[in-house]
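Undergrad: prediction below, plus the sequence it came from.
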Amino acid sequence: MALKQCKECKKEISTDANPCPHCGKKNPHGMPKWLKYGGGISAP
């Protein structure tokens, strides 16, 4: 668990937090879950 800044309220929150416990913003880090857990597109 790491801390990052919420894109909405700028307070530090856990990277596991969704929504932000301070302002309620969904996806407060701006990173989709599929990308966070390594579901990106791979090149051939």
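TA: Structure's in. What do you need? As the structure is a computational prediction, the values presented were derived from the model and not from experiment.
Undergrad: so residue 24 lies in a helix, does it not?
TA: No - under DSSP: H, G, I helix; E, B strand; the rest coil, residue 24 sits outside any helix and is assigned coil.
Undergrad: got any ranges where this protein has weak pLDDT?
TA: Scanning the chain for pLDDT under 70 picks out the ranges 31-44.
Undergrad: let's see 90
TA: Residue ranges of the chain with pLDDT under 90: 1-2, 4, 6-7, 15-18, 25-44.
Undergrad: and the strands in it?
TA: 3-5, 12-14 (DSSP state E).
Undergrad: save those as JSON lines, and put in distance to residue 24 too.
TA: For every residue, glycine as well, the C-beta is placed using N, CA and C. Converted to JSON lines, the strands of the chain look like this (distance: least, Cβ to Cβ, whole Å):
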{"stretch": "strand 3-5", "distance to residue 24": "16"}
{"stretch": "strand 12-14", "distance to residue 24": "11"}
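Undergrad: in TSV, list the ones you listed along with mean neighbour count and distance to residue 25.
TA: Shown next, in TSV, are those (neighbours: other Cβ atoms under 10 Å; distance: least, Cβ to Cβ, whole Å):
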stretch	mean neighbour count	distance to residue 25
strand 3-5	12	12
strand 12-14	15	10
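Undergrad: right, and these - which one's nearest residue 30?
TA: Closest approach to residue 30 among those (Cβ to Cβ): strand 3-5, 9.5 Å.
Undergrad: packing partners for that closest one?
TA: Applying 3 or more Cβ pairs under 8 Å, 6 or more residues apart in numbering; DSSP states H and E, one finds that strand 3-5 contacts strand 12-14.
Undergrad: quick one: contacts for residue 14?
TA: If you count contacts by Cβ atoms under 8 Å, 6 or more residues apart in numbering, residue 14 has them with 1-3.
Undergrad: which among these gets closest to residue 10?
TA: Distance to residue 10, by Cβ to Cβ, is smallest for residue 3 among those, at 12.5 Å.
Undergrad: I figured the closest one hits residue 15, correct?
TA: Yes - counting by Cβ atoms under 8 Å, residue 3 touches residue 15, with 7.2 Å between them.
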